[in-house]
Structure formats: structure tokens, C-alpha cells
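1. okay, predicted coordinates and the sequence, questions at the end:
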Amino acid sequence: RAATAAGRRRAGRSARVSGASSRRRAERDRLIKRHGDPARRPWIYLIVATGDIYEDIPQAQAAARAGADVIAVIRSTGQSLLDYVPEGATREGFAGTYATQENFRLMRAALDESSREVGRYVRLTNYASGLCMPEMAALAGLERLDMMLNDSMYGILFRDINPVRTFVDQRFSRQVHARAGIIINTGEDNYLTTADAVDEAHTVTVSQLLNEFFAHEAGLADWQLGLGHAFEINPEVPESFRLELAHALLARELFPDAPLKWMPPTKHMTGDVFRGNLLDGFFNLAGALTGQGILLVGMMTEAVVTPWLSDRDIALQNVRYVLGAAGGLHEDLVPAAGGFIRRRANQVLGEALDLLERIGEQTLLTAIAEGTFGIMKRPADRGKGLDGVAAHEADYCNPATDILEAGRE
């Protein structure tokens, strides 16, 4: 209906809440100044996922003592498909812990204790994805989370959420993240769990470029773009490590100011823990050689069990050794002109540019419907959450969006 001037003013006053996310951002800045950032990059990123927030907390604190710089609390299976946010502290998640405001508060308080103990600010990650991207982003800002998983297409491809719904929610959630000073992590690594990591490497590059564009359009700065990529080439492929280096260096060159998020091998982990630990060591070395910003700790028990504390300890030892022994090697790595690594990077970039041109001719929604990314076909007129999509009327007014776009309270 037509919005009167008085109605717009009342709505605007309602949207101007306490400015809590801005205050929490300032609080983060003070704590980083007090406790300090990790002494080196990449930051070591480790997952906890017991299902019980009161079990997650001691595991997260133990991980911080063992060297983790970022703690990610995995969400309970299926929460991304809930069109509401559960409330309260929870103890019954499945393969993860429910994302609630109280769980956010409890873990943030625990990691603040750990930050004082270890003498560096320990960051906290959760998820702004699925059917509640804006709500999760708002709660993250209120409870001073530092990173949020927030990909432009993950929910479309891997959760069958309606594409239009996802893009609308993604933009608003990223505006909230920009205001709160939160680093987003994108999900390009997931493409390589369903598609071949060599043949489809260019789709990762295209998605990174799209994520960067959408992020900038929503107000995020380069330092907030944890663009994802992964070490997922089959180890049996000849020159697999050189191919991984080419892909990782290409991402680093394309996004020099972004804290890229480098993901460990999962698809080709066999259950042989000795082979797995060695493969994770190669992954850690690739991260050091290519100057990644955020390194997710790989587990040698991937594909076997949910990691035990002892598994995490061994994995963290692996990371600490590699970064301690080779953490500065990215300063020395200069691929030979005309050599294998440069040729491969140029090939992937050329294929990415060709794909971008095709997307420009046919639209992104058409490309998604045709299975361009992760070999998932997702038409724009289908998917979960479609009933929540409505066209704007000519006099549509959203005071929250107006405030975020204007950069004011």
C-alpha cells in the first residue's frame, strides 16, 4: 500500500535500533588492540561440532591453546532449511550445533576468556546461509562473531533453495556483515566435491569473481572477503601438487588484498590415517607457499569418524610444523616464466573468462539452471523458499535497507 511520509518516518525509527552491531565492532577492535592478532598468516581455522554447545566450548578453548586462531562451530544438519532461528542454548544437534543467539553468546564469551589466556584475539565463525541468511547475519553482529560463511550460490546449489530468494537474502546479509565488520567465507570448495577439481577449476575462479562483485556491491571491503578454494585434486593425478599450486597462486594473484580461505582435502581421503596426515601436510605446505590468509585444519580421520580431540591435536601439530618451517616460503616462490604452473594458471584464467562471457550473454540465473556450477541444475522458478519471494510494489519502503545503504544509524 502507499506509504505515507509519517509512516516512513515511524518505520525508520523502528529500524534504528541501538546500533549494537557497530558498538560490538568497536569492541572487537579494542580487544584486538589489547590481545593482539596472531603473529603470522595464514590464520589457523579449526572446526568444533559436537552438537552440544557445552561440549563445544571446552573443545574450542583447548584448540585455542593448541594454536587455533579461528574457531568455527558447524551448524546442526538441516538447520539451513529451517525458515526460523531456534532459541536458547542447545545440546542436541546432529553433526553440528544449532546456531542460536544464546549459543553465539556463550561461545564468544568463552573465546574471550581464551583470548586473555593465550595473548591473541581468537575469532569465532558460524553460518549466514540457507533460509535465514539475514537473521543469522544480524545475530552475528549483535554477538560479535568475526566471520560468517556467506556464499552467493551455496544454498542454491547444495540446499536447493530458490535462486531469487538466495540472492536477495545474500545481499541484505552482506550489508549487515559490512556494518558489523565481519569477514565472510565463501564456498567455492564445495564445487570440487561434486565436480572434477581439474576440469572444473575455472568455475571456482568464476564464482570467486562473482562473490567479489556481489560483496563489493553490498559494501564489503577487500579485507572482509574470505574467498574460498580447495586442495581437492586426486593425488593420483600426475603433477597434482603442481596443479594445486597453480590454482592457489591464481587465486592469490587475482585477489591480492583478500584473506583467501584455503580448504583441506576431503574428497580423496581414503581412511588411511597415515596417508591422510601426509596429504594434509602437502595441503598445509601449499597454503604456506602461496600466502593464503585462512587455513582450515585438515583431519587425517576425514571419511572415518568425527574427529577426536587427539585427532585435532595431531592435525594442529602438522600445521604448526609446516608453518614454522616454511611459513615464509611464499616470499621466495616465483614460478618459472613459461613453466608448468604459469601455463596452468593461464589456462584456468582463460577458461574462466570464456565462461564469464557466456554467462553475460545468457544471464547468471540461466547458467545456474543449466548446471554450470558444481554440476547442479537449479531453475529460478523452483526451490525451497520460493513462497517467500515477492516483487516490490512501486512505493516499496524498507527503512533497514535505506539505513544500511546510506551508511548511517
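-> Received it, and whenever you're ready, just let me know what you need.
2. please enumerate the helices of the stretch 1-150 of the chain.
-> Listed in chain order, the helices of the stretch 1-150 of the chain (DSSP state H, counting those that start in this stretch) span residues 5-15, 20-35, 53-65, 101-118, 133-142.
3. nearest spatial neighbour of Thr50, skipping sequence neighbours?
-> Counting by C-beta to C-beta, 6 or more residues apart in numbering, Thr50 lies nearest to Asp56, which is 5.4 Å off, once chain neighbours are set aside. In short, each C-beta sits where N, CA and C put it, glycine included.
4. doesn't Arg171 make contact with Lys214?
-> Just to correct that, residue 214 is Phe rather than Lys. Yes: between Phe214 and Arg171 there is a contact under C-beta atoms under 8 Å: 6.9 Å.
5. give the buried residues for the top helix by length along the chain.
-> If you go by DSSP state H, the chain has its longest helix at helix 340-362. For helix 340-362, the neighbour count (16 or more other C-beta atoms under 10 Å) marks 341-342, 344-345, 348-349, 351-352, 355-356, 359 as buried.
6. and the contacts of it?
-> 201-203, 205-206, 209, 239, 242-243, 245-247, 249-250, 253-254, 335-336, 367, 372 (C-beta atoms under 8 Å, 6 or more residues apart in numbering).
7. same thing but 6 Å
-> 201-202, 205-206, 242, 245-246, 250, 335, 367 (C-beta atoms under 6 Å, 6 or more residues apart in numbering).
8. swap in stretch 121-138?
-> With C-beta under 6 Å, 6+ apart as the test, stretch 121-138 has contacts from 31-32, 35, 64, 70-73, 75, 80, 83, 85, 99, 107-108, 111, 114-115, 145-150, 154-155, 169, 172-173, 176-177, 385.
9. please pick the buried ones from the residues you listed.
-> For these, buried by 16+ other C-beta under 10 Å: 31, 35, 64, 70-73, 75, 80, 85, 99, 107-108, 111, 114-115, 145-150, 154-155, 169, 172-173, 176-177, 385.
10. just say which of the helices of the stretch 1-150 of the chain is most tucked in.
-> Counting by mean count of other C-beta atoms under 10 Å, helix 133-142 has the highest mean neighbour count of the helices of the stretch 1-150 of the chain, with a mean of 24.
11. tell me how far that one lies from the chain's centre.
-> Helix 133-142 sits 15 Å away from the centroid of its parent chain (C-alpha atoms, centre = their mean, to the nearest Å).
12. how about that helix as CSV, C-alpha atoms only?
-> Once non-C-alpha atoms are left out, helix 133-142 reads as follows in CSV (Å, rounded to 0.1, in the frame of the first residue of the first chain):
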residue,chain,number,x,y,z
MET,A,133,20.8,-15.5,6.0
PRO,A,134,19.7,-12.0,7.1
GLU,A,135,18.6,-13.2,10.6
MET,A,136,21.9,-15.1,11.2
ALA,A,137,23.9,-12.1,10.0
ALA,A,138,22.0,-9.8,12.4
LEU,A,139,22.6,-12.2,15.3
ALA,A,140,26.3,-12.5,14.4
GLY,A,141,26.6,-8.7,14.6
LEU,A,142,24.8,-8.5,17.9
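13. perfect, I'm done here.
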